[in-house]
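Trainee: Okay, sequence plus prediction incoming.
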Amino acid sequence: IEPVEQNLPAVGLDIASEDNRRSAALAALTSGEVRITGPITLVQATGNPLQSFLILLPIYRGAVTPDSVEERMAKGIGWSYAPLLTEEVLQGLKLSNDGLQLQLSDVTDAAHVVDFYASEASDDAPVIARHAVSRHIYGRDWQVELLAHPGFVGGLHQASPRLVMLVGSLVSLLLATLAGVLLVNRQRHRQILAEQARSAAIVESSSDGIIGQSLDGTVISWNHGAERIFGYTAHEAIGHTLIELIVPEALFQEERNILANVAAGKPIGNFDTQQHRKDGSLVDVSASISPLIDASGVLTGLSKTVRDISAQKAAEARILELNASLEEQVGKHTQELR
């Protein structure tokens, strides 16, 4: 993400851990089209809660959008995206400060309307006129509303039909500004396509298993590294608990303690343990635990990263065996010399 200096808090952020970002990313990947998230709080702009968005453009192997949803899911390697802050998008839009107020709302879910932006009103007088339009913006439904206070109407010295024309012009200007931002993003995505592809390849080829769990222990994500280590596909693992899948019976309490400590906010250091593969065999792994926090700061689950250390454990056992053998030989030779 460029410029890196202004966006350091976003480096390393897993968008799959937040439903709003994840659903927009999946919608873009399955549709083959640009999608925008609902209002979110950017980690690099926490002072403006729920006033930001991510624009996501899916990228596929071969640089050609596949025809079917199944092919898109199979060939998707990532996204080109840009974070948008509402105030920056609207910068330069000359709104009158004399009694005119602009309000923006996400109305995609009619039961949960999100008012994510409202310009400052110059007075506390009642609203005497308003005009609202709805627009479909890259997979989301927005409502753009202008509120007129007495100060604004008095300063126009025009008939009321003129007010309607002005409202339409301001709305058009807002949409033109957003369209301009999206056009710039499209022009830049070619420059970062190669880097995105390299980064996606690194994640795809990782040998570490990365498992997401809810606070009750249910698996909510399962990467290819976990499939290689334990033998279960993501389809087989998601929706089950690790106790049902890979935790040996003797370590059930260890798993319960991990979930309880994460829920209590206690840190958990790296540790070595044993887990079951799908075929029933045991595998030695090194595990680390991280809490999953949503955009509002609420703990929603945990992320477990596991690494197969069977070869390391086997090497350690061999070293111990050789040391024991060496000590036995030294004792034998010492006895012979005596």
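Mentor: Done, it's in.

Trainee: Which residues does the strand ranked longest in the chain contact?
Mentor: When the chain is parsed with DSSP state E, its longest strand is strand 282-293. With C-beta atoms under 8 Å, 6 or more residues apart in numbering as the test, strand 282-293 has contacts from 17, 209, 212, 229-230, 248, 258, 262, 265, 268-277, 299-310, 312-313. All C-beta atoms are positioned from the backbone trio N, CA, C, and that covers glycine.

Trainee: Tell me the buried residues within these.
Mentor: Neighbour-count burial (16 or more other C-beta atoms under 10 Å) applied to these gives 17, 209, 212, 229-230, 258, 262, 268, 273, 275-276, 300-309, 313.

Trainee: Give the helix, strand or coil label for residue 65.
Mentor: coil (DSSP: H, G, I helix; E, B strand; the rest coil).

Trainee: can you check residue 30 too?
Mentor: Taking three-state DSSP as the rule, one finds residue 30 in the helix state.

Trainee: pLDDT score for it?
Mentor: Looking at residue 30, its pLDDT reads 95.

Trainee: returning to that earlier point: go through the buried ones among the contacts of strand 282-293 and flag which are in helices.
Mentor: 229, 230, 258, 262, 313 (DSSP state H).

Trainee: Report the separation between the third one and residue 285.
Mentor: Think residue 258. 13 Å (C-beta to C-beta, to the nearest Å).

Trainee: With the first one instead?
Mentor: Between residue 229 and residue 285 the distance, using C-beta to C-beta, works out to 7 Å.

Trainee: any residues in contact with both of these two?
Mentor: What both residue 229 and residue 285 touch, as defined by C-beta under 8 Å, 6+ apart, is the set 209, 306, 308.

Trainee: Distance to residue 293 and pLDDT for these - can I get that in TSV?
Mentor: Listed next are the shared contacts of residue 229 and residue 285 as TSV, based on distance: C-beta to C-beta, whole Å; pLDDT from 0 to 100:
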residue	distance to residue 293	pLDDT
209	21	92
306	21	93
308	28	90
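
Trainee: want to try CSV for those residues, with distance to residue 149 as columns?
Mentor: Formatted as CSV, the shared contacts of residue 229 and residue 285 follow (distance: C-beta to C-beta, whole Å):
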residue, distance to residue 149
209, 58
306, 60
308, 66
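
Trainee: In CSV, list the C-alpha atoms belonging to the longest strand of the chain.
Mentor: Output in CSV follows, covering the C-alpha atoms of strand 282-293 (Å, rounded to 0.1, in the frame of the first residue of the first chain):
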residue,chain,number,x,y,z
LEU,A,282,0.2,-37.5,15.5
VAL,A,283,2.1,-34.5,14.3
ASP,A,284,4.4,-32.3,16.4
VAL,A,285,3.6,-28.6,15.9
SER,A,286,4.7,-25.2,17.2
ALA,A,287,1.7,-23.0,17.8
SER,A,288,1.1,-19.3,18.5
ILE,A,289,-2.2,-17.6,19.4
SER,A,290,-3.4,-14.1,18.5
PRO,A,291,-6.7,-12.5,19.4
LEU,A,292,-9.1,-11.3,16.6
ILE,A,293,-10.4,-7.8,17.3
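
Trainee: tell me how far it is from the chain's mean position?
Mentor: 20 Å (C-alpha atoms, centre = their mean, to the nearest Å).

Trainee: Which strands border that strand, and is each parallel or antiparallel?
Mentor: Next to strand 282-293 in the sheet, as set by DSSP bridges, lie strand 271-276 (antiparallel), strand 299-308 (antiparallel).

Trainee: Among the ones you listed, which comes closest to residue 22?
Mentor: Closest to residue 22 of those is strand 299-308 (C-beta to C-beta; 11.9 Å).

Trainee: can I assume residue 83 sits in a strand?
Mentor: Yes. Assessed with three-state DSSP, residue 83 lies in a strand.

Trainee: where does the stretch 101-250 of the chain have low pLDDT?
Mentor: 121-124, 153-160, 196-197, 199-206 (pLDDT under 70).

Trainee: any idea where the helices of it begin and end?
Mentor: For the stretch 101-250 of the chain, the helices defined by DSSP state H, counting those that start in this stretch occupy 150-156, 160-204, 224-230, 234-237, 242-245.

Trainee: most packed of the ones you listed?
Mentor: helix 224-230 (a mean of 20; mean count of other C-beta atoms under 10 Å).

Trainee: Report all helices and strands that it contacts.
Mentor: strand 209-214, helix 234-237, strand 282-293, strand 299-308 (3 or more C-beta pairs under 8 Å, 6 or more residues apart in numbering; DSSP states H and E).

Trainee: Determine which of those approaches residue 78 most closely.
Mentor: Nearest of the helices and strands packed on helix 224-230 to residue 78, taken as C-beta to C-beta: strand 209-214 at 16.0 Å.

Trainee: What strands flank the closest one, and is each parallel or antiparallel?
Mentor: Assessed with DSSP bridges, strand 209-214 is paired to strand 219-222 (antiparallel), strand 299-308 (antiparallel).

Trainee: In TSV, list those along with distance to residue 185.
Mentor: Shown next, in TSV, are the strands paired with strand 209-214 (distance: least, C-beta to C-beta, whole Å):
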stretch	distance to residue 185
strand 219-222	27
strand 299-308	29
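
Trainee: Not counting sequence-adjacent ones, nearest residue to residue 69?
Mentor: Here the nearest residue to residue 69 in space, its sequence neighbours aside, is residue 30; by C-beta to C-beta, 6 or more residues apart in numbering that works out to 5.1 Å.
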